[in-house]
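# Would you be able to build a 3D model of this:
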Amino acid sequence: MRVLRRNAALTLLLMSGVTLAAQEVLRGQVRVDLEPVYGEYVDVVYPLDRTSAHRRALEESALVYGAMIYGWAFEYQVGERARGITEAFELSPLGTIPFGDPGLLVTDAQVRDMRLYLWTDYRLTETQKRRLRFWKSGSIKTAQAIGYGPLGNPVEMAQGISIKKTALEDAARAAVRDMLRGSERNRPKEVRGYIGLADFPSYWMDAGRWTASARFRVDIQEIIPFGVY
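Now for the predicted structure:
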């Protein structure tokens, strides 16, 4: 009888439209190449051992979940060649997911074609749920963009995911720039606001560069025109 009541309660919960996973868990998958090639740097040790690859995948997952939940504050100097102003884009994390966070759980791992594919869940705290609701509010706009990073070398390889992070940050810059082109008649001097990831990004190699494609949530707080100066 207790089992029947429990099943009936679960059925009513599902019929009410409440999806526990959607409310409490974020999910994603990352890929780590076990046999990277860095051009002229033939002395790099490879293939990457499974333990190092697993740790790198977890670090990348934590970075992405942090960018989805907390995001970054950004300052963007748009740049103007005619005025001699260089383009500059700076990101400051508003929060991070530390390595070993108990909310980050591995759900599956597979190795195919010298690549590790790692699937994870991240269970949010109540505070994190509130932050995620901010990013999903109606006032936040979304933008898809592509960014690029260097192929890398042994020094960058030792830093784990720094190469992918560079490409992702460049994609964030492109997302803000594209959004400004669609909304501002005149090019501004500076822009400030907040930006976060909407989904797990995709990465691939293109013409000797890491390429990142990502969908962002963007909240522009301040636009400073050239006329102010």
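
# Quick one: the strands in this protein, in order.
With DSSP state E as the criterion, the chain has strands at 25-33, 72-77, 88-93, 104-112, 115-123, 141-150, 190-197, 202-206, 209-224.

# Please work out which of those strands is packed deepest.
strand 190-197 (a mean of 20; mean count of other C-beta atoms under 10 Å). (C-beta placed from N, C-alpha, C; glycine too.)

# rewinding a little: mean pLDDT lowest where, among the strands of the chain?
The weakest mean pLDDT among the strands of the chain belongs to strand 202-206, with a mean of 90.

# Tell me who's in contact with the residue most central in space within the chain.
The chain has V64 as the residue nearest its centroid, 4.0 Å off, counting by C-alpha atoms, centre = their mean. Contact analysis of V64 by C-beta atoms under 8 Å, 6 or more residues apart in numbering lists 28, 30, 197, 200-201.

# Can you lay out those as TSV showing distance to G71?
Shown next, in TSV, are the contacts of V64 (distance: C-beta to C-beta, whole Å):
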residue	distance to G71
G28	16
V30	19
L197	7
F200	15
P201	14
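
# Let me know the closest of those to R112.
V30 (13.8 Å; C-beta to C-beta).

# The closest one and S52: what is the separation?
Separation of V30 from S52 (C-beta to C-beta, to the nearest Å): 14 Å.

# right, and I161 touches E60 too?
Yes: the pair I161 and E60 passes the contact test of C-beta atoms under 8 Å, sitting 4.7 Å apart.

# So for those two, which residue has more residues nearby?
The residue with more neighbours, out of I161 and E60, is E60; 24 against 19, by other C-beta atoms under 10 Å.

# I140: what's it in contact with?
Contacts of I140 were listed using C-beta under 8 Å, 6+ apart, and they are 134, 217-219.

# picking up where we left off before, what would the strands of the chain look like in a markdown table with distance to R56?
As requested, the strands of the chain are arranged in a markdown table below (distance: least, C-beta to C-beta, whole Å):
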| stretch | distance to R56 |
| --- | --- |
| strand 25-33 | 5 |
| strand 72-77 | 21 |
| strand 88-93 | 19 |
| strand 104-112 | 12 |
| strand 115-123 | 8 |
| strand 141-150 | 16 |
| strand 190-197 | 18 |
| strand 202-206 | 13 |
| strand 209-224 | 14 |
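
# out of those strands, which comes closest to D170?
strand 141-150 (3.1 Å).

# Please name the strands paired to that closest one in the sheet, noting orientation.
strand 209-224 (antiparallel) (DSSP bridges).

# now the strand it pairs with: how far from the chain's centre is it?
Centre-to-centre, strand 209-224 and its host chain are 10 Å apart (C-alpha atoms, centre = their mean, to the nearest Å).

# could you give the angle of it to strand 190-197?
Put simply, strand 209-224 runs at 130 degrees to strand 190-197, going by axes from the mean of the first three to the mean of the last three C-alpha atoms, to 10 degrees.

# Kindly list the longest helix within this protein.
Counting residues, the longest helix found in the chain (DSSP state H) is helix 162-183.
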